[in-house]
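**Q** let's see this in three dimensions:
(one chain, ligands or ions: 1)
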Amino acid sequence: MQNFIITGGNRLSGEIQLQGSKNSTLPIMAASVLVNGKCTLESCPALTDVYSAARILNGLGCKCRLSGNTAEIDSASVSRSEIPERLMGEMRSSIMFVGAVLGRLGECTFSIPGGCELGPRPIDMHLAAWSKMGAEISDCGGRICCRMPKGRAHGAKISLSFPSVGATENVILCAVLAEGETVINNAAREPEICDMCRFLRSCGAKIRGDGESRIVVEGVETLHGCEYRVMPDRIAGATYLAMTAAAGGEIILKNACIPESEPFISVLEQTGCCICCKDGRIYLRRGGRLKAIRDRIRTMPHPGFPTDAQAVLMAALATAEGTSVFEENIFDCRYRHTDALIKMGADIQVMGKAAVIRGVRRLHGADAEATDLRGGAAMVVAALSADGESRIGSIFHIDRGYEKFENIITSLGGSIRRE
Ligand code: EPU
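**A** Predicted structure coming up:
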């Protein structure tokens with residue numbers, strides 16, 4: 001198993017081109033199952049989860065070829081409606097393929113998806129919505145079988161009890177080729193859902209209201225291929241901004257998604273960093289010591305503060321002047337990185353949903369294991385700002401979300417190597 005060896009203390013400076021969004025690419029790859037033709041996706045990040053998605057597509061009988069950051073997918077020949085248990089277990093986004101396969105073939109057999117352990121991650125809302133759209137759901141020897149008895153889903157009114165990103169995407173995927181109209185109330189509004197909808201519209205889907213809490217999908221008979229560029233990754237962007245805020249220095253994110261990053265930037269600005277957003281670029285400079293954030297940082301569905309950026313911001317606030325408080329409202333177990341930060345000298349107390357961070361002057365290097373994707377990235381952020389050397393293990397978690405992570409950090413002047 002590989003480790004990152006990091007020597008902290010270097011200021012970071014430079015310009016970076018952001019990778020394409022992981023959380024857009026995966027549902028878009030799933031959406032391509034609905035298309036009776038060829039799609040070319042540009043700006044797909046070269047990540048282990050994207051390779052898993054390609055394996056799922058090929059297993060379904062689609063033809064998916066990845067080359068650099070381009071994915072060529074031809075789903076004209078999709079023929080199998082079963083997703084092997086091993087592939088389901090590789091990542092959470094494997095569940096997105098179920099909505100698409102159900103929409104295209106009218107049936108799907110699958111098992112519970114894998115992914116980061118952030119607390120219970122049930123799929124009850126996905127199943128309830130498909131059932132309302134006509135699916136019969138049964139247990140087939142420990143696996144889940146969803147079947148549309150009429151061969152095709154029908155439109156329905158779906159009211160989600162919580163604006164779940166995955167459930168919203170999965171209802172849309174099942175609805176695009178369904179008979180009639182589907183309305184989703186209390187839909188999630190995350191930018192990655194809008195990106196998937198833009199892709200589907202480029203293929204001829206009729207979807208409106210994405211980005212709002214009421215989405216309407218009018219089923220069509222068939223979808224055609226298209227060429228599409230995935231949006232930049234706002235969470236990778238938040239990570240590099242938090243990293244520079246923690247270590248000191250200045251950074252330019254060249255192809256940033258500015259409005260989509262606003263909920264993160266408006267909080268980060270309160271640390272005293274100078275941030276300027278213009279012409280698709282985000283510039284950040286940290287001069288003196290960071291200031292703690294006065295108001296409680298509450299993670300919320302978009303446009304609230306993103307749960308995916310909680311850990312990396314916490315790592316930066318560990319050395320801020322004063323006390324900051326987080327409240328994690330999306331996942332039950334999303335503070336698993338705090339033990340590693342404490343090992344590096346941070347003063348953090350977790351009490352249920354809340355985490356209280358009393359800023360210390362300096363962190364020191366330590367050995368730690370990445371616990372999950374964003375938690376692992378937070379450990380790298382902390383290690384880059386700490387005195388001395390750190391070894392971060394289990395970095396396969398980090399590889400699931402950050403393309404060329406150590407190359408980018410090295411190009412900014414950070415000392416990090418993989419071994
Ligand atoms: N939930 C249910 N039942 C369901 C679905 C969700 O109770 O049927 C609960 C979850 O347990 C959780 C909450 O609803 O407590 C929110 O989950 P959501 O469905 O919104 O999350 P997701 O679709 O599983 C995506 C991202 C996550 C991101 C969350 C929230 C992808 C592939 N994953 O997960 O990203 O944290 O939305 O924004 O898009 C990451 O990139 O590190 C990551 C974990």
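
**Q** please, which helix or strand holds residue 5?
**A** strand 4-7 (DSSP states H and E).

**Q** which secondary element of this structure has the worst mean pLDDT?
**A** helix 85-88 (a mean of 90; mean pLDDT, DSSP states H and E).

**Q** count of neighbours near the residue of the chain found nearest the ligand?
**A** Here the chain gets closest to the ligand at one residue, residue 166, 2.8 Å apart by CB to the nearest ligand atom. For the C-beta atoms, the positions are set from N, CA and C on the backbone; glycine is no exception. Residue 166: 22 surrounding residues under other CB atoms under 10 Å.

**Q** the least confident helix or strand of the chain packs against which elements?
**A** helix 48-59 (3 or more CB pairs under 8 Å, 6 or more residues apart in numbering; DSSP states H and E).

**Q** give me the helices and strands touching the helix or strand just after the helix it packs on, please.
**A** Using DSSP H and E, the helix or strand that follows helix 48-59 towards the C-terminus is strand 63-67. Contacts defined by 3+ CB pairs under 8 Å, 6+ apart place strand 63-67 against helix 48-59, strand 70-74.

**Q** out of these, nearest to residue 214?
**A** Across the helices and strands packed on strand 63-67, residue 214 has its closest neighbour in helix 48-59 (28.8 Å, CB to CB).

**Q** parallel or antiparallel, list what pairs with the strand holding residue 5.
**A** Strand 4-7 sits in its sheet next to strand 389-393 (antiparallel), strand 415-418 (antiparallel), going by DSSP bridges.

**Q** list the buried residues in it.
**A** 4-7 (16 or more other CB atoms under 10 Å).

**Q** neighbouring strands - and their directions - for the helix or strand that comes right after that strand?
**A** For strand 4-7, the succeeding helix or strand toward the C-terminus, using DSSP H and E, is strand 12-16. With DSSP bridges as the criterion, the sheet partners recorded for strand 12-16 are strand 249-253 (parallel).

**Q** where does the protein come near the ligand, residue by residue?
**A** 23, 26, 92-93, 116, 120-126, 162, 164-167, 188, 190, 307-308, 330-331, 373-374, 401 (CB under 6 Å from any ligand atom).

**Q** Three-state assignment for residue 40, please.
**A** The three-state label given to residue 40 by DSSP: H, G, I helix; E, B strand; the rest coil is strand.

**Q** what's the burial count for it?
**A** Residue 40: 15 surrounding residues under other CB under 10 Å.

**Q** for it, name its beta-bridge partners.
**A** Applying DSSP bridges, one finds that residue 40 bridges with residue 72, residue 227.

**Q** now do residue 325
**A** residue 356.

**Q** residues touching it, list them.
**A** 296-297, 354-357 (CB atoms under 8 Å, 6 or more residues apart in numbering).

**Q** give me the pLDDT for it.
**A** pLDDT recorded at residue 325 is 98.

**Q** do the same with residue 91
**A** 86.

**Q** that one and residue 50 touch, don't they?
**A** No: at 9.5 Å, residue 91 does not count as touching residue 50 under the criterion of CB atoms under 8 Å.

**Q** mind listing the shared neighbours of these two?
**A** Shared contacts of residue 91 and residue 50, counting by CB under 8 Å, 6+ apart, come down to residue 26.

**Q** what about the nearest residue in space to residue 238 that is not next to it in sequence, how many residues nearby?
**A** Setting aside the residues directly before and after it, residue 238 is nearest to residue 309 in space (CB to CB, 6 or more residues apart in numbering), at 4.1 Å. By other CB under 10 Å, 26 other residues sit near residue 309.

**Q** and what of residue 373?
**A** 23.

**Q** now do the one 3 residues further on
**A** Using other CB under 10 Å, residue 376 has 31 neighbouring residues.

**Q** helix, strand, or coil at it?
**A** Applying three-state DSSP: residue 376 is helix.

**Q** separation between it and residue 49?
**A** Distance, residue 376 to residue 49, by CB to CB, to the nearest Å: 14 Å.

**Q** try residue 165
**A** Residue 165 is 15 Å from residue 49, by CB to CB.

**Q** of the two, who's got more company?
**A** Neighbour count, other CB under 10 Å: between residue 165 and residue 49, residue 49 has more, with 23 against 18.

**Q** sticking with residue 237, tell me its helix or strand.
**A** Per DSSP H and E: helix 234-247 holds residue 237.

**Q** got the angle for that helix vs strand 249-253?
**A** Counting by axes from the mean of the first three to the mean of the last three CA atoms, to 10 degrees, helix 234-247 points 170 degrees away from the direction of strand 249-253.

**Q** report the buried residues of the least confident helix or strand of the chain.
**A** 87-88.

**Q** please enumerate residues in contact with it?
**A** Contacts for helix 85-88 (CB under 8 Å, 6+ apart): 52, 55-56, 59, 94-95, 110-114, 143.

**Q** how does the chain divide up, domain by domain?
**A** 4-19+232-418, 22-226 (automatic domain parsing).

**Q** just to revisit the earlier point, any idea which of the buried residues of strand 4-7 is closest to residue 316?
**A** Closest approach to residue 316 among the buried residues of strand 4-7 (CB to CB): residue 6, at 15.2 Å.

**Q** no further queries at this time; thank you.
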